[in-house]
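Asks: output the structure for:
(one chain, ligands or ions: 1)
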Amino acid sequence: MIKTLLRLGRGLRLLINRAIRQQELFDRFPGVIFGDGVLLLGASRFFPGKGVFIDHRAYLNCAGGSWNKHPGFINVGDNSEIGPYSVLWGAGGITIGSNVHIGAHVSITAHEARQVLPNQTDVSQPLSFEFAPVVIEDHALICSGALIVPGVRIGHHAMIGGGSVVTKDIPPYALAVGCPARVIRFSNEAAKPGSAVDSIGGWDPLNLHANERRSSAVP
Ligand SMILES: CC(C)(COP(=O)(O)OP(=O)(O)OC[C@H]1O[C@@H](n2cnc3c(N)ncnc32)[C@H](O)[C@@H]1OP(=O)(O)O)[C@@H](O)C(=O)NCCC(=O)NCCS
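Replies: All right, here's what the predicted structure looks like:
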């Protein structure tokens, strides 16, 4: 009987804590819809637009910590969605444009650990990391289970197939699939590399310089 009561008490406490965390998210970011159980770390470096949707159990780590000296940030443009169980590591800076769809279980990381050296046998030694920003432009669609590694830029209206590992920049309008992701077609033939439209270039839908200013303005 006592054990049951203790268990009920613990369950209730967990529910209350979760409700409080959820309420804190709603209060701090009223323009964002949060699913249940979203974890947002480094909230002062999270810069969402309007109508952003972050689905159940997504994990967003917007900043570095004692493990690095990188400030980091996660910018998410208007009406973009991040699917359930997706993980975003923003220590190197992640910029997501507007109207971007990110499926379930997608990993986007702007930092990665260096390989442990052969003579390094002390597990208490910290890992060393490299950082490089990730940019996902407007109207991109990242299917479930994809992994985006540091330094990659995914062009506007590009699509990444389910489970793909994106290790290089993907041009606008491209459909890229596989591990490593390769472009298999373009939704806008005129945008193929070397075409007239492609050579115009120079469109910066994310206004990245503004984003950089915004992130560096944060203490
Ligand atoms: C990317 C995707 C939409 C492409 O669909 P499609 O246009 O019908 O592509 P096709 O079936 O014509 O495939 C073309 C080629 O790419 C390969 N391919 C397609 N998707 C792939 C993927 N995710 N990973 C690796 N290869 C893939 C196919 O095997 C095929 O190869 P082949 O020409 O050697 O036979 C689809 O395959 C996909 O990944 N869907 C994921 C859906 C999803 O995650 N939904 C939930 C959130 S959005």
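Asks: how about the helices in the chain?
Replies: With DSSP state H, the ranges of helices along the chain come out as 2-28, 196-200, 208-216.
Asks: contact residues of the protein facing the ligand?
Replies: Contact residues (C-beta under 6 Å from any ligand atom) of the chain with the ligand: G103, C143, S144, G161, G162, G163, S164, V177, G178, I184. Any C-beta I mention is one placed from the backbone N, CA and C, and that applies to glycine too.
Asks: pLDDT at the residue lying closest to the third one once chain neighbours are set aside, what is it?
Replies: Think S144. In space, and not counting its chain neighbours, S144 is closest to G103: 3.7 Å by C-beta to C-beta, 6 or more residues apart in numbering. At G103, the model reports a pLDDT of 98.
Asks: ramachandran angles for S144?
Replies: phi -60, psi 140 (degrees, to the nearest 10).
Asks: re the thing from before, tabulate the residues of the chain next to the ligand (JSON lines), appending distance to R153.
Replies: Output for those, formatted as JSON lines (distance: C-beta to C-beta, whole Å):
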{"residue": "G103", "distance to R153": "19"}
{"residue": "C143", "distance to R153": "18"}
{"residue": "S144", "distance to R153": "21"}
{"residue": "G161", "distance to R153": "18"}
{"residue": "G162", "distance to R153": "20"}
{"residue": "G163", "distance to R153": "20"}
{"residue": "S164", "distance to R153": "15"}
{"residue": "V177", "distance to R153": "18"}
{"residue": "G178", "distance to R153": "18"}
{"residue": "I184", "distance to R153": "19"}
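Asks: top of those by neighbour count?
Replies: S164 (23 neighbours; other C-beta atoms under 10 Å).
Asks: how close does P150 get to L127?
Replies: Distance of P150 to L127, given as C-beta to C-beta, to the nearest Å: 14 Å.
Asks: and F29, by the same measure?
Replies: On the measure of C-beta to C-beta, F29 and L127 end up 31 Å apart.
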